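Novice: 3D model of this:
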Amino acid sequence: MDRPGLDEYFMEIASVVAKRSTCLRNRVGAVIVRDKRILSTGYNGAPTGLEHCDVAGCLREKVESGTRHELCRAVHAEQNAIIQAALHGVSIEGATLYCTHQPCILCAKMMINARIRRVVYRNQYPDEGALRFLEQAGIEVVRI
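Specialist: Presented below is the predicted three-dimensional model:
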């Protein structure tokens, strides 16, 4: 029997979560896990109650990937997972965040302050500053 390891298992779940994304550029999913238990999930898309990007259009269509995050109407998957945990009173301190894509600098700062201890991602993203921040904060970063 070919049984996936925990990192592969939770990354596959993050990939399924990404299917809910409403972003036109990147479908990203995130899962926050502690003690082998899912605490929260998130995918990238417009804030609750606002038009999705497929209706309102993408403001970043002509902008290089990894830049001008403030133009994006979507909340990132990692941000949504952290927000969902906060809304439901779930502590994510010491947890691992699995994400289909490497975090950006904005998400890295949120993870540091949320006391995430480990980040596992699959796809590269052009933001080396985020990786430096996570390393400086002592957060283990793994690409699978």
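Novice: Show me how far the worst-scoring helix or strand of the chain on mean pLDDT is from its chain's centre.
Specialist: Counting by mean pLDDT, DSSP states H and E, the weakest-scoring helix or strand in the chain turns out to be helix 53-56, with a mean of 78. Centre-to-centre, helix 53-56 and its host chain are 21 Å apart (Cα atoms, centre = their mean, to the nearest Å).
Novice: list the buried ones in it?
Specialist: By 16 or more other Cβ atoms under 10 Å, the buried positions in helix 53-56 come out as residue 53. From N, CA and C alone the C-beta is placed, and that goes for glycine too.
Novice: Restricting to C-alpha, output that helix in CSV.
Specialist: Extracted as CSV, the C-alpha positions of helix 53-56 are listed here (Å, rounded to 0.1, in the frame of the first residue of the first chain):
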residue,chain,number,x,y,z
CYS,A,53,-12.6,38.8,-9.8
ASP,A,54,-14.3,37.0,-12.7
VAL,A,55,-17.1,39.6,-12.3
ALA,A,56,-15.2,42.7,-11.3
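Novice: so after that helix, what's the next helix or strand?
Specialist: helix 77-87 (DSSP states H and E).
Novice: Packing partners of that following helix?
Specialist: Packed against helix 77-87 by the contact rule (3 or more Cβ pairs under 8 Å, 6 or more residues apart in numbering; DSSP states H and E) you find strand 29-34, strand 37-43, strand 96-101, helix 105-114.
Novice: Leaving out the residues flanking it, which one is nearest to the most centrally placed residue in the chain?
Specialist: By Cα atoms, centre = their mean, the chain has its centre lying nearest to residue 78, at 2.8 Å. Nearest residue to residue 78, sequence neighbours excluded (Cβ to Cβ, 6 or more residues apart in numbering): residue 107, at 4.0 Å.
Novice: pull the longest helix from the protein.
Specialist: Using DSSP state H, we find that the single longest helix of the chain is helix 6-18.
Novice: packing partners for it?
Specialist: Identification of packing neighbours for helix 6-18 by 3+ Cβ pairs under 8 Å, 6+ apart yields strand 29-34, strand 37-43, strand 96-101, strand 118-123.
Novice: Ok, which of the ones you listed comes nearest residue 53?
Specialist: For the helices and strands packed on helix 6-18, the distance to residue 53 is smallest for strand 37-43, at 12.4 Å, taking Cβ to Cβ.
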